[in-house]
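In: Dropping the sequence and predicted coords here.
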Amino acid sequence: MPMLDSVRSPQDLRAMSRKQLLQLAEEIRRFLITNVSRTGGHLGPNLGVVELTMAIHKVFDSPSDPIIFDTGHQSYVHKILTGRADRFDTLRQQEGISGYPEPDESPHDWVRNSHASSALSWAEGLAKGFRLKGEERTVVAVVGDGALTGGMAWEALNNIADAGDLRLVIIVNDNGRSYTPTVGGLANHLAGLRVDHRYEKTLSLIKRTVMRIPFLGRPAYDLMHGFKTGVKDVIAPQTMFSDIGIKYTGPIDGHDIAALTNHLEQARQFGGPVIVHCVTRKGRGFQAAEENEEDRFHAVGKINEFTGEPLSAAVQATWTDAFAEEIVQLGQRRPDLVAVTAAMLNPVGLGRFAAAFPERIFDVGIAEQHAIVSAAGMARAGMRPVVALYATFLNRAFDQVLMDAALHDAGITIVLDRAGVTGTDGPSHNGMWDMTLLGIVPGLQLAAPRDQARLVAALERAVDVEDAVTVVRYSKERIPDEMPEIAHVGKGLSRVDVLRRPEDAKVLVVGYGQFVGAALDLAERLEDQGVAAAVVDPLWALPVSPDLVELTRGYDLVVTMEDNLVDGGAGQRLASTMADAGVPARVRNFGIPKQFLTHGSRDQVLDRIGLTAAAAAMDVLGKLLTQDVDAPTTRGSVQA
């Protein structure tokens, strides 16, 4: 009988022999490769934490002892061990299990943790709460080494070091490729000894004894302590954690279950904050992943489970591909152009730029706040910075955009990849907040291009702006075929392209970015029902184009479509500006409702929230027939 079939809860691990645990680890790896190959997901990180996750569950009592993953994409093995193996064929699928921890799925998941660098703050808060309630629980935080580049992680460590006897074990999952771990019986024994109470008692005894020596006690102790600290810093730089007051043990072979169990057990018994440093290999056990030097199969689509080759046919270029091509062209023409990324060099399309201009690329780690302010500083020094981020990750740097970049009229360009509904990664990764947030920033200019030609034009204009923050946003989807205009009004920042304009049109559809295509589809559906509709695209969604406002005067109804929150989105800003200008037309806004969207494919999510051309056409026709265009819907609101 396969060992995996006998695991229904973490308690089942505790009766297993070493041989059985090793067999289980191999079965879990094969299970992950088979299942994630069929659904897509974060394969490499989870192949690297099989033994580590097993050891955590063998030592700690989940869910009484909370286990928090940072980030949560390394929690697949945790899900398998907590009774969800039979649902892995639904991973990241609509109504299936999430690719991140999800409290609604299991009491073993305490936090929906899918943005990096927050786990230590969660863990510190939980541990404080348990201490205040007199509960002897231990909180475990599994922190990927990349998460430690985020500022919030260090804010948390600063407080953890000052918190005294918090029952908190911080496991640093170090899968860095250049690190050569020091392993072996003696190294493991000495590392484990550092969190043994006897070690602390011995140090205290030595200090008291030496300090009693007349005249020489204090100098002798200072010399001994200084020598110990100096040696630690030379042979084990990671012991800087000890220097800020947190016990450290490691490095440990993160694939040695026996060593892991021993160290974690001693850390659990210590009774205060302990950092356990584990060295793992991303993609372990899958040759194709181990040989992939770019990211070791960090995240994959559907692949061949034996070769690792993608199963889907080649697809049309994505927006990211188009940006990657254009940023290199801009870099060749402008020696003052620099690019900044936050630990996402290849996913945001800056890999080619880095290869062409290695001295002009800056990867700041998972530190979006620093990325924005650093870019503002470079702009002040005369450079032209382009900061490329996922749209959802800009949320944490809003204050820096407002107070450091915009307040100082910094000429930086922010490129937002994965804007709008992304789908399978769930509520935290949808880029649905940016236009609402950025719309309140004075002077900010935001473009939402509809095709590659408009993307190129937007980027070329954006990097020429020297006294304002410019933003270019686009989705994760394939880039659509070119949608040429038949005319345009205005110019520059205020230009509006006209893509469709029947002579008898009484409805004007305004499409933003990826939804210009949906706007054209909506107009065709209305025409099929005898309602003529024009379609326009304001190339720069923010600020609202005065020429667009004037253009709306000739229509009875204005419909807007965008893949951003409808509340505070581009459509509502247009409606408000129209009202201020005394435009009599009524406006119907379609966008994303103010709710967290559960995972599914992008099309499934859009269909579920009614943000499709078909649903919008039915809504508009119904309102036109009843003349009830003031009634709100879940997709938007109407302005008189």
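Out: All right, it came through fine.
In: Show me where the stretch 301-450 of the chain dips below the pLDDT cut-off.
Out: Scanning the stretch 301-450 of the chain for pLDDT under 70 picks out 304-308, 312-316.
In: The chain too?
Out: For the chain (pLDDT under 70), the answer is 1, 145, 176-244, 285-295, 297, 304-308, 312-316, 627-640.
In: which strand of it spans the most residues?
Out: strand 557-565 (DSSP state E).
In: Return the set of buried residues in the next helix or strand after it.
Out: Next helix or strand after strand 557-565 toward the C-terminus (DSSP states H and E): helix 570-580. Neighbour counts over helix 570-580 (16 or more other CB atoms under 10 Å) mark 570-575, 577-578 as buried. The C-beta positions use only the backbone N, C-alpha and C, and glycine is treated the same way.
In: how would you label Val510: helix, strand or coil?
Out: strand (DSSP: H, G, I helix; E, B strand; the rest coil).
In: Which residue ranges make up the domains of this protein?
Out: 3-290, 319-473, 496-639 (automatic domain parsing).
In: Which one of these lies nearest to Ile303?
Out: domain 3-290 (4.9 Å; CB to CB).
In: looking at the domains of the chain, which is closest to Glu482?
Out: Each of the domains of the chain has some distance to Glu482 by CB to CB; the shortest is domain 319-473, at 4.9 Å.
In: picking that back up, who does the longest strand of the chain pair up with?
Out: Here strand 557-565 is paired, per DSSP bridges, with strand 507-511 (parallel), strand 586-592 (parallel).
In: Between helix 570-580 and that strand, find me the angle.
Out: Per axes from the mean of the first three to the mean of the last three CA atoms, to 10 degrees, the angle that strand 557-565 makes with helix 570-580 is 140 degrees.
In: quick check, distance from strand 557-565 to the centre of its chain.
Out: In this view, strand 557-565 has its centroid 26 Å away from the chain centroid, taken as CA atoms, centre = their mean, to the nearest Å.
In: longest helix anywhere in this structure?
Out: helix 18-39 (DSSP state H).
In: which secondary structure elements does the helix or strand following that helix contact?
Out: With elements assigned by DSSP H and E, the helix or strand that comes after helix 18-39 is helix 43-47. On a contact count with 3 or more CB pairs under 8 Å, 6 or more residues apart in numbering; DSSP states H and E, helix 43-47 meets helix 18-39, helix 287-290.
In: Downstream of the shortest one, the next helix or strand is which one?
Out: What it means is helix 287-290. Per DSSP H and E, the helix or strand that comes after helix 287-290 is helix 319-333.
In: which residues are in contact with the helix or strand that comes right after that following helix?
Out: Counting by DSSP H and E, the next helix or strand C-terminal to helix 319-333 is strand 337-341. With contacts defined as CB atoms under 8 Å, 6 or more residues apart in numbering, strand 337-341 is touched by 327, 330-331, 348, 350, 353-354, 357, 360-364, 371, 374-375, 378, 383-389, 463.
In: circling back: need the helices and strands packed on helix 43-47 in a markdown table with distance to Thr436, can you?
Out: As requested, those are exported to a markdown table (distance: least, CB to CB, whole Å):
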| stretch | distance to Thr436 |
| --- | --- |
| helix 18-39 | 32 |
| helix 287-290 | 38 |
